[in-house]
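*Asks:* Give me a 3D structure for the following:
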Amino acid sequence: MSARLASGTAVSALVRRVHAQGGSAMILARGDATAGGILVLALERGAKPRFFERGVGPDGLPALLPSGPADLPDDAAVTSYWGRRRAGDPDLWVVELDIADAERFAAETLA
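*Replies:* Just a heads-up that it's a prediction; the model follows:
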């Protein structure tokens, strides 16, 4: 098994990459700097919210996995989901990315 990049370092790298490409990235909640989980809220021009998180894929390798409900009708539903996740895991990082192909940026940086 390979060593995994510390959560705080991975999140910082992701935020820098998105900003460098003209997108918006915001840390909504800071988790444990070393081993906290990372939940990514991906948007495109403020719309089409989707959640992904850093985890282990079926092949045993690090991967970015879909997370959360498929239908998020409004901002309240989005905030409610990540708020419940954070309440259950205070070490969880929550990062919002607003850039075209946000999932690709997150996968390349976090997985």
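
*Asks:* could you pull out the helices for this structure?
*Replies:* Taking DSSP state H as the test, the helices found in the chain are 7-20, 75-88, 102-110.

*Asks:* Of these, which stretch is the most buried?
*Replies:* Highest mean neighbour count among those (mean count of other Cβ atoms under 10 Å): helix 102-110, with a mean of 19. (Each C-beta comes from the backbone N, C-alpha and C, glycine too.)

*Asks:* so how far is that helix off the chain centroid?
*Replies:* A distance of 9 Å separates the centroid of the chain from that of helix 102-110, by Cα atoms, centre = their mean, to the nearest Å.

*Asks:* number of nearby residues for Asp101?
*Replies:* Neighbour count for Asp101, taken as other Cβ atoms under 10 Å: 13.

*Asks:* Next up, the contacts around it.
*Replies:* For Asp101, no contacting residues are found, by Cβ atoms under 8 Å, 6 or more residues apart in numbering.

*Asks:* Can you read off the backbone torsions of it?
*Replies:* Note on Asp101: backbone dihedrals following degrees, to the nearest 10 are phi 60, psi 40.

*Asks:* Roughly how far does it sit from Gly83?
*Replies:* 26 Å (Cβ to Cβ, to the nearest Å).

*Asks:* ok, now Leu28?
*Replies:* In terms of Cβ to Cβ, Leu28 sits 9 Å off from Gly83.
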